[in-house]
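Asker: generate a structure from the sequence data that follows.
(one chain, ligands or ions: 1)
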Amino acid sequence: MIWLVLTVAGGIMGVVAPHHLLTSLLSNDGTDVWKTMVFFTVLAAPVAAFVYSVAIYSLIGWRHRGNQDEPPEDGPPIRGNGFVTGVWLITSTVLVIVLLVWGLSVWSAQQVSHPDTLQVEVTGQQWLWTFKYPGTGVESRELVLPVNRPIEFDVSSVDVTHGFWPAALGVQVDANPNVVTVIRTTPDRVGKFTVRCSQLCGLYHSFMYAPGSVVTSDQFATWLQSQGATSSAADKEAQVSQS
Ligand SMILES: [Cu+2]
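Answerer: Take a look at the predicted model:
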């Protein structure tokens, strides 16, 4: 009974909590992260509930009852019980395989490179972010992205390790000095978000954030131009936005 109650409570929490804990999500990967959190929590609920219910039941059922001189006799040992061992092994194996397949499929979906991908060079340094749009001459302290267009972030650092974390886009990766780490996502909703640093990187780490926004492709072409993009680059953006 305790197990059942805790399983149901954990399952409900798994469905409801991520919705309240996560920021508003602006990309396909953000949605995948949300689904993964719900799925993993719901699957873990019966396992966690089992551990807690055994602990609670033991505390209640085998507590010390007044004037007992001898401890009560122990129950049969679990070691050597083929049924319990088998159920435990099979359940663990099935759960781990399901989670592995789920995780790998989400990961491999991210690795696909599309032909009209927009490349953005992300550089972390103590204590700010810089975003470069190759081929346009634009460099900005603000991350502006067109909606429904695959983005490739080429993430690096000029000093210590930082963590590129636009939480609303559902991606996060370390920014390492002298190494370019690639991470991809496709923003699928227009809105504002914040790029944070997820690695403790020095005194002003907590101030290391940059404004971000997902805009329509027309707005993106206009923004590029306002940032002094070469006209040929802005024209190219306008073409992509029309196609
Ligand atoms: Cu940092």
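Asker: list the buried residues in the longest helix seen in the chain.
Answerer: Scanning the chain for the helix with the most residues, using DSSP state H, yields helix 28-61. By 16 or more other C-beta atoms under 10 Å, the buried positions in helix 28-61 come out as 28-30, 32-34, 36-38, 40-42, 45-46, 49, 53. C-beta here means a position set from N, CA and C on the backbone, and glycine is covered the same way.
Asker: who's in contact with I56?
Answerer: I56 makes contacts with I2, as judged by C-beta atoms under 8 Å, 6 or more residues apart in numbering.
Asker: now do the strand or helix carrying H20 against helix 28-61, angle only.
Answerer: Per DSSP states H and E, H20 falls inside helix 2-21. Relative orientation of helix 2-21 versus helix 28-61 (axes from the mean of the first three to the mean of the last three C-alpha atoms, to 10 degrees): 150 degrees.
Asker: buried ones in helix 2-21, by neighbour count?
Answerer: 3, 6-7, 10-11, 14, 18.
Asker: before we move on, what about stretch 112-120?
Answerer: Within stretch 112-120, judged by 16+ other C-beta under 10 Å, the buried ones are 118, 120.
Asker: averaged pLDDT, that stretch. What do you get?
Answerer: Mean pLDDT, stretch 112-120: 88.
Asker: begin at 27, not 1, for the rest of this chat.
Answerer: Sure, I'll start numbering at 27, so the last one becomes stretch 138-146.
Asker: residues contacting it, please?
Answerer: Residues outside stretch 138-146 that contact it (C-beta under 8 Å, 6+ apart) are 157-161, 169, 171-172, 175-180, 210, 266, 269.
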